[in-house]
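[1] Provide a 3D model corresponding to the input given below.
(chains A and B)
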Protein chains: 2
Amino acid sequence: MIQSQEKPDRVLVRISDLTVQKADEVVWVRARVHTSRAKGKQCFLVLRQQQFNVQALAAVGDHASKQMVKFAANINKESIIDVEGVVRKVNQKIGSCTQQDVELHVQKIYVISSAEPRLPLQLDDAVRPEVEGEEEGRATVNQDTRLDNRVIDLRTSTSQAVFRFQSGICHLFRETLINKGFVEIQTPKIISAASEGGANVFTVSYFKNNAYLAQSPQLYKQMCICADFEKVFCIGPVFRAEDSNTHRHLTEFVGLDIEMAFNYHYHEVVEEIADTLVQIFKGLQERFQTEIQTVNKQFPCEPFKFLEPTLRLEYCEALAMLREAGIEMGDEEDLSTPNEKLLGRLVKEKYDTDFYILDKYPLAVRPFYTMPDPRNPKLSNSYDMFMRGEEILSGAQRIHDPQLLTERALHHGIDLEKIKAYIDSFRFGAPPHAGGGIGLERVTMLFLGLHNVRQTSMFPRDPKRLTP
Amino acid sequence: MIQSQEKPDRVLVRISDLTVQKADEVVWVRARVHTSRAKGKQCFLVLRQQQFNVQALAAVGDHASKQMVKFAANINKESIIDVEGVVRKVNQKIGSCTQQDVELHVQKIYVISSAEPRLPLQLDDAVRPEVEGEEEGRATVNQDTRLDNRVIDLRTSTSQAVFRFQSGICHLFRETLINKGFVEIQTPKIISAASEGGANVFTVSYFKNNAYLAQSPQLYKQMCICADFEKVFCIGPVFRAEDSNTHRHLTEFVGLDIEMAFNYHYHEVVEEIADTLVQIFKGLQERFQTEIQTVNKQFPCEPFKFLEPTLRLEYCEALAMLREAGIEMGDEEDLSTPNEKLLGRLVKEKYDTDFYILDKYPLAVRPFYTMPDPRNPKLSNSYDMFMRGEEILSGAQRIHDPQLLTERALHHGIDLEKIKAYIDSFRFGAPPHAGGGIGLERVTMLFLGLHNVRQTSMFPRDPKRLTP
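    Numbers count the residues shown, from 1 in each chain, chains lettered A, B, ... in the order given. Here you go, the predicted model:
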């Protein structure tokens, strides 16, 4: 066991660096045993390091004893080993490995950390496309088994790619906003009152009292705007105590949140948010092509398409498109999930984009703090954004006038006492502002064409899952 | 009220751009009324935009009526106004404003958002150095008043600088780690079991069961290491249900967390973490000099000093220094807060650094998952890092062997059933690894020489404060 006994000057070579340039060199590699197969006096191992792997051969001869070959053959899969070996060019490409032109002729092997003999799931099964499983009757791994054994499931090339890609979304989000002059803020997750009326919040025992988990950082973002930070963003957990067991709901997810003061029109903010998403999409396509292709191998899908500038439709236009497709809907009715998806398909056909903005929602279907439209009292200055027909962002111009905010809260039957602190935030001069919140896991899922948000949350939380 | 009625093509000029280059131009500015002072037929206003301000003059004459001057004089402080005016060079520098060479001769004024007449605190009082308050008997603002009215307190030049500086720490942390090949991860905050024995955790009602708020992302960081991500970091809230009412404890703070697999010795990780902090310190001194100086005006302090490479002392060396200074301490005794501070002063005297690492803590004072020292069973492979004599990071090599982990848990009297999932994470091959968690608010506080962590948390949470 490595207990930091010493600091040897041995260099460990990366598997991705094992190419013909290193032919005939003696190298040390630390890797997992992906597979091992003994065959007479030989043992073939596939050694894996993240998404890279190489074939290694232990053969009885000058450098390896019979015992050593036997020892190699008995190492459990997924164990971590240190191997000394000679890099040899191979005559025939090794199709099953990422390092196709070389193999490693093993001279020494040490086990660094041994895996238990029985794995709860096989990595090769876990990366098999579902269609191969169905058509060829080969094993695949179901979602609960994956999630129950997440430490192993996350080792697959698909999982490695999904979460490196997701790390990239966060990085691009911040990079773009910092370049635009935004300030990153940190907002509290434990709050004293449920700001939106009390439904769907988790209760926390806070010393001798009760507190709640924030359903969004919105109030705090707005307070930062009232405190003159002008343009702010935050990335953090958002908690929803909804008993929804769907492919796209989690009880805890990561919100990418934006709030911004504007000069005259909330479209200044809509454009800034849409451009931020476009910069993210471009960055992903430029910097994460390998990851996208790796995920596509297991989950094939069409490349993600978007326009510049982003398509912005008004809600009434969307209604007209849906009605033309035979859907009956009232003017002030919200979109159902199937209608959202249908609309996504209609928009894709007509405009060839997987990303668009739906603007000017009916006032009746939006929260009390949404600014009404100045011309049509049935509409509001609010918008959603969609990827592949599913909502990824909801946002609006917020009411910054305490009097109008009070009126709208009363109209919604909200207890003014409970939102006093919220309304009071606007009493000492508040600039007009708008914002929105993006669901990180949904963006990852929809860009990559995955089918369940649990695939894009490392340790998902839903009404039935709290572990690992 | 701006309700997004129109999209005028009027350009709003930034106050920071009002210089002699713009002399005699007519400009529009949106700003807060910082102060206003009527004097006969004139009204002098100070207009503020974040940390910048400019003098404006409304005087009865060709461009301004008597009514307009009266109107200007009656606008409440902190209201947001749009002003059209001519930029005029002044003969005598205006010492009280950041734009010292020009003033604005007002032609038109619109109130965009009116502030209530009585402010709960005055911004000028809120930025006054405490010593001026004490020696000259001038008003300062106490901490509870600030925090109760945080929307106003955050508008001061000091607060603006503190939180822009803090945004910079997060940015530098991520920038450095992404350049080093780390992957950003998102870890769940709602967990099913209290991993470290159950003390100091907040309980959450989770549908029909109980859950807990994570005291640290450590288990999840370690699982990512076991899942081959090799080097990971995360930034997120950390919850501690400790009834500690001190200058440096919060019940919710932001953790900057690192975890990393290493080859042979945990010092590989210690060096990587220390270098990350050094890169942050350098970046702050390079990019945030204005903010540092702004904070220094209200809270004077010595510039932050650090060495390259970072000073690393062993715990026994620190004990010797303290004993030489007259402190009596046992070999396996932990450092008290006063002794930490004293040690900080001794280290500063001897090595001229405000930042250092204390390595090889006694095993007895560290958590059960800490790797014991391979040579001395009373010591451990663990470390803390200090800024100006206060701890900002605690870390260690973690035990990656399930058998040793079980032994150590039993030794600590921990119920194995409760940590089964934790131990099981290491059963399928785990690389040696180490890591640590940094408290964001403490780093901000100590670098800037502030005295209370509530100054560096926008909306602090402690046993007695849950609002705003």
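[2] when you work out contacts or count neighbours from here on, use the C-alpha atoms and nothing else.
    Fine.
[3] so who does the residue of the stretch 351-468 of chain A at minimum distance from chain B touch?
    Here the stretch 351-468 of chain A gets closest to chain B at one residue, residue A:428, 3.9 Å apart by Cα to the nearest Cα. For residue A:428, the contacting residues are B:78-79, B:114-116, B:119, B:152, by Cα atoms under 8 Å, 6 or more residues apart in numbering or on different chains.
[4] just those that are near chain A?
    B:78-79, B:114-116, B:119, B:152 (Cα under 8 Å from any Cα of the partner chain).
[5] list the buried residues for stretch A:446-460?
    Judged by neighbour count using 16 or more other Cα atoms under 10 Å in any protein chain shown, the buried positions of stretch A:446-460 are A:446-450, A:452-460.
[6] neighbouring contacts of that stretch?
    Here stretch A:446-460 has contacts from A:147, A:150, A:154, A:162-163, A:166, A:247-250, A:252-253, A:292, A:295-296, A:299-302, A:304, A:387-388, A:390, A:441-442, A:444-445, A:466-468, B:186-188, using Cα under 8 Å, 6+ apart.
[7] name the nearest residue to the residue of the stretch 251-400 of chain A found nearest chain B, sequence neighbours excluded.
    Proximity to chain B, evaluated over the stretch 251-400 of chain A using Cα to the nearest Cα, is greatest for residue A:265 at 4.1 Å. Using Cα to Cα, 6 or more residues apart in numbering or on different chains and skipping residues adjacent in sequence, the residue nearest residue A:265 is residue B:4, 4.1 Å away.
[8] ok, that neighbour to residue A:264 distance?
    6 Å (Cα to Cα, to the nearest Å).
[9] which of these two has more neighbours?
    residue B:4 (21 against 18; other Cα atoms under 10 Å in any protein chain shown).
[10] mind listing what the more buried one touches?
    Residue B:4 touches A:264-266, A:373-374, A:381, counting by Cα under 8 Å, 6+ apart.
[11] go again using 10 Å as the cut-off
    Taking Cα atoms under 10 Å, 6 or more residues apart in numbering or on different chains as the criterion, residue B:4 is in contact with A:262-268, A:371-375, A:381, A:397, A:432.
[12] quick one: secondary structure of it?
    coil (DSSP: H, G, I helix; E, B strand; the rest coil).
[13] does chain B sit close to stretch A:25-43?
    Yes - contact of stretch A:25-43 with chain B (Cα under 10 Å from any Cα of the partner chain) involves A:30-33.
[14] and those, which of them are in strands?
    Within the residues of stretch A:25-43 next to chain B, residues falling in strands by DSSP state E are A:30-33.
[15] dump those to JSON lines, plus pLDDT and neighbour count.
    Putting those into JSON lines (pLDDT from 0 to 100; neighbours: other Cα atoms under 10 Å in any protein chain shown) gives the following:
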{"residue": "A:30", "pLDDT": "98", "neighbour count": "23"}
{"residue": "A:31", "pLDDT": "98", "neighbour count": "27"}
{"residue": "A:32", "pLDDT": "98", "neighbour count": "29"}
{"residue": "A:33", "pLDDT": "98", "neighbour count": "25"}
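[16] end-to-end on stretch A:2-14?
    Separation of the first and last residues of stretch A:2-14 by Cα to Cα is 19 Å.
[17] identify each buried residue in that stretch, please.
    A:2-4.
[18] what pLDDT does residue A:414 get?
    Looking at residue A:414, its pLDDT is 89.
[19] can you count the residues close to it?
    Residue A:414: 17 surrounding residues under other Cα under 10 Å.
[20] for stretch A:140-151, C-alpha coordinates in PDB please.
    The C-alpha trace of stretch A:140-151 is given here as PDB (Å, rounded to 0.1, in the frame of the first residue of the first chain):
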ATOM      1  CA  THR A 140     -26.300  -3.800 -21.300                       C
ATOM      2  CA  VAL A 141     -26.600  -2.300 -17.800                       C
ATOM      3  CA  ASN A 142     -29.800  -0.800 -16.500                       C
ATOM      4  CA  GLN A 143     -29.800   2.600 -15.000                       C
ATOM      5  CA  ASP A 144     -30.300   1.700 -11.300                       C
ATOM      6  CA  THR A 145     -27.400  -0.800 -11.400                       C
ATOM      7  CA  ARG A 146     -25.300   2.000 -12.900                       C
ATOM      8  CA  LEU A 147     -26.300   4.500 -10.300                       C
ATOM      9  CA  ASP A 148     -26.000   2.100  -7.400                       C
ATOM     10  CA  ASN A 149     -22.400   1.400  -8.500                       C
ATOM     11  CA  ARG A 150     -21.600   4.900  -9.800                       C
ATOM     12  CA  VAL A 151     -17.900   4.600  -8.900                       C
END
